[in-house]
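Novice: Show me the folded form of this:
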Amino acid sequence: MSSYDYSIFKDLFPPGLFPESINIWLDMAFIGLDKDYPEASVMMPKKKPRGKELTAGEKARNKAISGVRVRVEHAIAGIKRLRITTDKFRNKTDSFSDKAMLISCGLWNYHLKCR
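Specialist: Residues are numbered from 1 along each chain as shown. You can find the predicted model right below:
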């Protein structure tokens with residue numbers, strides 16, 4: 001992720017959009033989001049302070065957060081196995097890229113179910 005990605009995120013999801021009843025699970029690429037979205041419940045690992053160590057509680061929380069995030073990353077990797085989601089897509093038909101992504105997600109879920 002880059003600062004460009006974060007600006008796209010802020011454009012798509014303006015502050016005040018997320019209620020406190022949902023958690024937003026993010027990685028360290030979105031540092032500062034908790035300040036821009038104070039009403040949101042942000043689940044992000046805590047960065048180790050320079051020259052210091054994290055407490056045992058902070059390490060345990062980071063481990064729990066990464067345990068959830070790794071499942072998300074594995075799902076994204078599984079969807080990317082269908083190359084229509086990662087290769088250059090030249091079809092200009094409206095909403096076809098959304099349909100391709102939905103089909104890819106459905107096929108990945110089917111694969112997981114049939115294991």
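Novice: per-residue pLDDT, the residue nearest to residue 80 when sequence neighbours are not counted?
Specialist: The shortest distance from residue 80 to any non-neighbouring residue, by Cβ to Cβ, 6 or more residues apart in numbering, is to residue 86 (5.0 Å). (C-beta placed from N, C-alpha, C; glycine too.) Each residue has a pLDDT score; the one for residue 86 is 84.
Novice: Tell me which helix or strand comes right after the lengthiest helix in the chain.
Specialist: For the chain, the helix reaching the highest residue count under DSSP state H is reported as helix 56-80. Reading on from helix 56-80 to the C-terminus, the next helix or strand found by DSSP states H and E is helix 96-113.
Novice: contact partners of that next one?
Specialist: 75, 78, 79, 81, 82, 84, 85, 89, 91 (Cβ atoms under 8 Å, 6 or more residues apart in numbering).
Novice: Excluding covalently adjacent residues, which one is nearest to the second one?
Specialist: Going back to what we said before, that points to residue 78. residue 108 is the one closest to residue 78 (Cβ to Cβ, 6+ apart), at 4.5 Å.
Novice: Just give me the neighbour total for the one you found.
Specialist: When neighbours are defined as other Cβ atoms under 10 Å, residue 108 has 19 of them.
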